[in-house]
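Engineer: heads up, no residue letters with this:
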């Protein structure tokens, strides 16, 4: 996994709960793995989603996911899941995410679009300025995280 | 399955999402199956949990589960899940639930205790009178449902 | 929901297990809902996946999902989930699926690509002739299911 | 959390996937959290469940769970989940497990019984000698893990 600038990495262990009767990780669970990595990426930037929801009444919701499942993962495997901003608008963020095996094989990749919404009305609204600044600042950093 | 008085029955199909790499239904998922049957039992009695939460600010939370896993279920199986009141207090309900195979074998059984709480404070509170009446009335009915 | 030819419909109830702290259905769960509808569509055509795996050693795996989340669903809602073949190859099937609210609003839609694989090696292989015939025959039927 | 001898501890972060529309961790998910901690406890002792299944044809299945849910956990919380052997037989193990908040409050506790079975027949069988030795040795250690 060549360390790309701006690419956050998060290790995820495969447990029984993640597998299905095919003996492999159930494909829907990669959406959970990707979300855990996005959450940890935001936390790494200083963004706590629960606190932010309490303070601003807003939250991110997922509006589009495009996922490709390439190779299977199995019980006890450790995956490396990445997250990287691909596009950023006033109320929307497109992330590029990948899951690699310990042997650096690409298992799954996807683009995830998230929108900032008013959590009461669920309608898209402009991200708070502080959140926006933190995200933009992360794009200017060259150091791999 | 001998039709017992007061015993509600609900069919549940096993999908890929329910299985694990052992080739069988993941044990934690029986808690979901039992909850689906409890929800449908309440709906059958005329109780809509989402509407009730909106109206009364209260909701049921699960406080104790005691589950025995006897025989495995597999992909494509149809289970029959039952629900029956075992004990009833002012703010608490103990249910007896079982899951049977199509061949009437007992796969899993459990006792589930649920408490009525104020959904803002999460503290136990007396069930609304109408809810209580509906539950008590269900105990007086002899007809199997 | 205008009844389209070749479009299978399956009702799905939203339970507590399906929701998240945003008060709505957790987006990853639509992949489960879509799979339940695909499974029931196959069952409706006479295809039992577990039996087929035992007989042929093959199974469907999901290789690509493209999902758009438009409107939220909530606890106790009943969704209508559809499934329809969009493309069909020798070892691959692309399905178009949608989830509607009771008020016929489109909540979520997606394209799901599934490949027939040898379940031991996980490599794509040609679908069994009988499976292929059943799928092709379903395309010739004009009656809505 | 006073460090008890023989008590293994494992941190678990709460993500969106773990919560429900009540705004708290969905109770069934504590079974997953407890299993993750058991798996890491076994790994800490040198036991890899997937490798062991491949070598011996055996695996652990959960046969009984008795869980008490005391206080709610919320999005972004970090729980400390413990695991400790309570009883050990030839083919069965009873574990005592607890989940604590960061403020050391007990949120959930349970007893989990697991049985070693032949994974083809699912019938209980004596644990492999090496597995048994590792588990017994862990009981003789006084150092907290």
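Structural biologist: Perfect, I can see it now. All of these numbers come straight from a predicted model, not from anything done at the bench.

Engineer: leaving out chain neighbours, which residue sits closest to the most centrally placed residue in chain A?
Structural biologist: Nearest to the mean C-alpha position of chain A, by CA atoms, centre = their mean, lies residue A:38 at 2.8 Å. Once flanking residues are discounted, residue A:38 sits nearest to residue A:83: 5.2 Å by CB to CB, 6 or more residues apart in numbering or on different chains. Placement of C-beta: from N, CA and C, glycine included.

Engineer: count of residues packed around the one you found?
Structural biologist: 25 (other CB atoms under 10 Å in any protein chain shown).

Engineer: tell me which element it is part of?
Structural biologist: Element membership for residue A:83, per DSSP states H and E: strand A:78-88.

Engineer: returning to what we had before: now for the residue nearest to the centre of chain A: which residues touch it?
Structural biologist: Counting by CB atoms under 8 Å, 6 or more residues apart in numbering or on different chains, residue A:38 makes contact with A:83, A:95, A:97, A:112, A:114.

Engineer: try it again at 10 Å.
Structural biologist: Contacts here follow CB atoms under 10 Å, 6 or more residues apart in numbering or on different chains; on that basis residue A:38 touches A:8, A:10, A:49, A:60, A:62, A:81, A:83, A:93, A:95, A:97, A:112, A:114, D:15-16.

Engineer: closest to residue A:134 out of these?
Structural biologist: Set against residue A:134, the nearest of these by CB to CB is residue A:93 (11.8 Å).

Engineer: so that closest one sits right up against residue A:116, yeah?
Structural biologist: Yes: with contact defined as CB atoms under 10 Å, residue A:93 reaches residue A:116; the gap is 8.0 Å.

Engineer: just to revisit the earlier point, can you tell me which of the contacts of residue A:38 comes closest to residue B:20?
Structural biologist: Distance to residue B:20, by CB to CB, is smallest for residue D:15 among these, at 19.9 Å.

Engineer: how near is the closest one to residue A:39?
Structural biologist: From residue D:15 across to residue A:39, the span is 6 Å (CB to CB, to the nearest Å).

Engineer: once you drop chain neighbours, what's closest to the residue sitting furthest away from the middle of chain A?
Structural biologist: Computed with CA atoms, centre = their mean, the residue of chain A farthest from its C-alpha average is residue A:21, at 26.3 Å. What sits nearest to residue A:21 in space, not counting adjacent residues and going by CB to CB, 6+ apart, is residue B:19, at 3.7 Å.

Engineer: that older thread, C-terminal to the strand holding residue A:83, what's the next element?
Structural biologist: Criterion used, DSSP H and E; the element after strand A:78-88 is strand A:92-100.

Engineer: direction included, what does that next one pair up with?
Structural biologist: strand A:78-88 (antiparallel), strand A:106-118 (antiparallel) (DSSP bridges).

Engineer: tell me the average confidence for the first one?
Structural biologist: Strand A:78-88 carries an average pLDDT of 97.

Engineer: helices along chain A, start to end?
Structural biologist: Ranges of helices in chain A, per DSSP state H, are A:29-44, A:49-56, A:129-140.

Engineer: pick the most deeply packed of those.
Structural biologist: Burial of the helices of chain A is given as mean neighbour count (mean count of other CB atoms under 10 Å in any protein chain shown); helix A:29-44 ranks first at a mean of 22.

Engineer: run the chain-centre distance for it.
Structural biologist: Chain-centre distance of helix A:29-44: 4 Å, with CA atoms, centre = their mean, to the nearest Å.

Engineer: before we move on, the earlier item: list the residues that contact both of residue D:15 and residue A:39?
Structural biologist: A:49, D:75, D:76.

Engineer: how about the residues you listed in CSV, adding distance to chain B?
Structural biologist: Output for those, formatted as CSV (distance: CB to the nearest CB, whole Å):
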residue, distance to chain B
A:49, 21
D:75, 15
D:76, 17
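
Engineer: among those, which are within reach of chain C?
Structural biologist: Contacts with chain C within the shared contacts of residue D:15 and residue A:39, counted by CB under 10 Å from any CB of the partner chain: A:49, D:75, D:76.

Engineer: redo those as CSV? Include distance to residue C:133.
Structural biologist: Below are those laid out as CSV (distance: CB to CB, whole Å):
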residue, distance to residue C:133
A:49, 50
D:75, 49
D:76, 52
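
Engineer: how far away is the closest residue to residue A:26 other than its chain neighbours from chain D?
Structural biologist: In this structure, residue A:26 finds its nearest non-sequential neighbour in residue A:20, 4.1 Å apart by CB to CB, 6+ apart. From residue A:20 across to chain D, the span is 15 Å (CB to the nearest CB, to the nearest Å).

Engineer: repeat that for residue A:66.
Structural biologist: Counting by CB to the nearest CB, the separation of residue A:66 from chain D is 19 Å.

Engineer: so which bits of chain A are right by chain D?
Structural biologist: So far as CB under 10 Å from any CB goes, chain A lies against chain D at A:13-19, A:23, A:29, A:31-33, A:35-36, A:38-40, A:43, A:48-53, A:59-62, A:74-77.

Engineer: contact partners for the closest residue to residue A:42 other than its chain neighbours?
Structural biologist: In space, and not counting its chain neighbours, residue A:42 is closest to residue A:49: 6.5 Å by CB to CB, 6+ apart. Contacts for residue A:49 (CB under 10 Å, 6+ apart) come out as A:38, A:39, A:42, A:43, A:58, A:59, A:60, C:21, D:15, D:16, D:75, D:76.

Engineer: would you agree the last one is in contact with residue D:13?
Structural biologist: This means residue D:76. Yes: counting by CB under 10 Å, residue D:13 is a contact partner of residue D:76 at 7.5 Å.

Engineer: the two - which one has more neighbours?
Structural biologist: In terms of neighbours (other CB under 10 Å), residue D:76 is the more surrounded of residue D:76 and residue D:13; the figures are 19 against 14.

Engineer: distance of that one from residue A:115?
Structural biologist: Distance of residue D:76 to residue A:115, computed by CB to CB: 20 Å.

Engineer: just residue A:98 next, same as before
Structural biologist: 22 Å.

Engineer: and residue A:9, bridged to which residues?
Structural biologist: Here residue A:9 sits in beta bridges with residue A:82, going by DSSP bridges.

Engineer: my guess is it contacts residue A:81. True?
Structural biologist: Yes: using CB under 10 Å, residue A:9 is in contact with residue A:81, at 7.2 Å.

Engineer: which residues are common contacts for the two?
Structural biologist: Residues within reach of residue A:9 and of residue A:81 at once, by CB under 10 Å, 6+ apart, are A:37, A:40, A:41, A:98, A:100.
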